[in-house]
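Participant: pasting a predicted model and its sequence here:
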Amino acid sequence: MKGFIELIKRKKIGTFLISLFFFIIGLLIVILGLSMLWMTKTAGETDISVSMIICIFGAIVLIIGYAIPKVILKLDKTIEQEKENEDNEKRENIKNIKGIRLATNEEKENYITNKKIKKKISFQMLLLICLIFWTGIIFIIVNVVINIGNMNLLLVGILLVIIGTIIFFTNRNSNKKEINKIMQSNVYIADCVAFERKIKTYRYDDYIDERRIHRNITLYLIRITDGEYKINKWFSIDPKYYYEKELKVKLYVSDEIDVYDILVAKE
């Protein structure tokens, strides 16, 4: 359990909840499988295949829940190093960019609106919602298809679907903590222009009706400058602006919070 405690210490609550969810659900599935196995033997039946499959599935889910903290903490050092490098880069930008200044509350609100932060759900929370909801759906389907006499699996499935739905609607339009951080922290803004551009395409496989289909994700990237000082980071830009002859943007950056992005400067 050291991994779970370490996640709490590092304030990785989203990851902790996902890990705990896998662990508890796996444990519940194992208990359900064992109870079904016991009832099967008590009834004098010989077919225990369904019970064993449920036990094995539960054990796999439980192990995943136990392993997630270890994997996350192992990767955490790399992430922390990357964040430290980015923080150093942001401090250099604030120090060297010509004409950089503190953003007004109106400019911060414009950033929040354009980045759709009010409607954004964190990746960890979205993953947790999907896990809860779809695990519930799977439980319901398994109960209906296999026609298990024990109603516990069906009830757990319905309960998980309800919980997932409630969490989704609770978080869908609220991200007050992140918004308050932006409004209360020092966020700097500077006028810049694009000096270098590139298009990067990532290929991935998708499956539709058991057919393998190749899909592409295309990113339009730019590097920016104040006219003298050049920023190393590649920023993603909407393709409709990518081909503008003189692409003017506003850089938003903070050395206190996770703000390091651009907005197209509209005339």
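Facilitator: Great, that's in hand. Residues are numbered from 1 along each chain as shown.
Participant: low-scoring stretches of the chain, by residue?
Facilitator: Within the chain, the ranges that satisfy pLDDT under 70 run 1-16, 40-48, 74-76, 118-125, 145-153, 170-175, 204-214, 267.
Participant: now with 50?
Facilitator: Within the chain, the ranges that satisfy pLDDT under 50 run 46.
Participant: quick one: list the elements packing against the helix ranked longest in it.
Facilitator: What stands out as the longest helix in the chain, according to DSSP state H, is helix 49-96. Here helix 49-96 touches helix 2-9, helix 13-42, strand 248-253, going by 3 or more C-beta pairs under 8 Å, 6 or more residues apart in numbering; DSSP states H and E. All C-beta atoms are positioned from the backbone trio N, CA, C, and that covers glycine.
Participant: list the contacts of stretch 215-229.
Facilitator: 93, 96-100, 190-206, 230-239, 242, 247, 249, 251, 262 (C-beta atoms under 8 Å, 6 or more residues apart in numbering).
Participant: these in strands, which ones?
Facilitator: Here DSSP state E is the test, and the contacts of stretch 215-229 give 190-206, 235-236, 249, 251, 262 as lying in strands.
Participant: any of the residues you listed buried? List them.
Facilitator: Listed as buried from these are 190-192, 194, 235, 249, 251, 262; burial here means 16 or more other C-beta atoms under 10 Å.
Participant: A helix includes T135, no?
Facilitator: Yes - the assignment for T135 (DSSP: H, G, I helix; E, B strand; the rest coil) places it in a helix.
Participant: surely I262 touches D238?
Facilitator: No - the criterion here is C-beta atoms under 8 Å, and I262 misses it with D238 at 10.6 Å.
Participant: find residues that contact each of those two.
Facilitator: Counting by C-beta under 8 Å, 6+ apart, nothing touches both I262 and D238.
Participant: rewinding a little: looking at the buried ones among the ones in strands among the contacts of stretch 215-229, spot the one nearest L20.
Facilitator: Lowest distance from L20 to these (C-beta to C-beta) belongs to F235, with 36.0 Å.
Participant: give me the nearest residue to that closest one, chain neighbours excluded.
Facilitator: Excluding the flanking residues, the one nearest F235 by C-beta to C-beta, 6 or more residues apart in numbering is I262, at 4.8 Å.
Participant: quick one, phi/psi of L247?
Facilitator: The phi/psi pair for L247 (degrees, to the nearest 10) reads phi -90, psi 100.
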